[in-house]
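A.B. asks: Provided below for reference: sequence and predicted model.
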Amino acid sequence: MSEPRRAHVSDHRAIVDRVQAWWGDSRTPAQARELSLLLPKLFLQFFSGTSLVIEDGTGIRAFLVGFHSPDDDVQAYIHFVGVDPELRGQGTARRLYTTFFQRAAEAGRTEVRAITSPGNAGSIAFHRAMGFTLEPGDREIDGLPVHGDYDGPGQDRVCFVRKIA
């Protein structure tokens, strides 16, 4: 397994294919395709330098799409992370996040933000374990601070922030 490397625009098709395959066990094919639409090529056209890929001889096994805010020079944002189900629970996502934190800090960033759906307990637990705190929302769901309609009507999100050195 390789160390995380900078993503390339040419990785886009493989990443989209991985999202559809890796989430196919928990979603219908249409839902997995819809999820992959969160990763238009523009993310790798404009943010490949801050996005990461882990691969082996079989291809991409994990990825992180993230960027440094162009409007706020202290913030970075993790947009989407995927790990091959065969590698989950082995520290692969932690390696991606740690590399992203290190590179963001080297670029002078001091905080990283991320979001997830309120029902995604695994993501919430992972982000908390990675040192993220939950930002106050406009309401609570099951004890979690939630930002209502964050991504549009009915698209509530849990927002995270983590300070980095």
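C.D. replies: Here it is on my side, so go on. Numbering: from 1, shown residues only.

A.B. asks: ok, residue 123 - contacts?
C.D. replies: Residue 123 is in contact with 116, 117, counting by CB atoms under 8 Å, 6 or more residues apart in numbering. Any C-beta I mention is one placed from the backbone N, CA and C, and that applies to glycine too.

A.B. asks: and it, that's in a helix?
C.D. replies: Yes: note on residue 123: a helix contains this position according to DSSP: H, G, I helix; E, B strand; the rest coil.

A.B. asks: number the residues from 873 up from this point.
C.D. replies: Sounds good: first residue 873 from here, last item residue 995.

A.B. asks: could you report the pLDDT at the most centrally placed residue in the chain?
C.D. replies: The centre of the chain sits closest to residue 952, judged by CA atoms, centre = their mean, with a distance of 2.8 Å. On the pLDDT scale, residue 952 is placed at 97.

A.B. asks: for it, give the beta-bridge partners.
C.D. replies: In this entry, residue 952 is beta-bridged to residue 937, by DSSP bridges.

A.B. asks: that one contacts residue 911, doesn't it?
C.D. replies: Yes: applying CB atoms under 8 Å as the test, residue 952 and residue 911 come out as touching, 5.8 Å apart.
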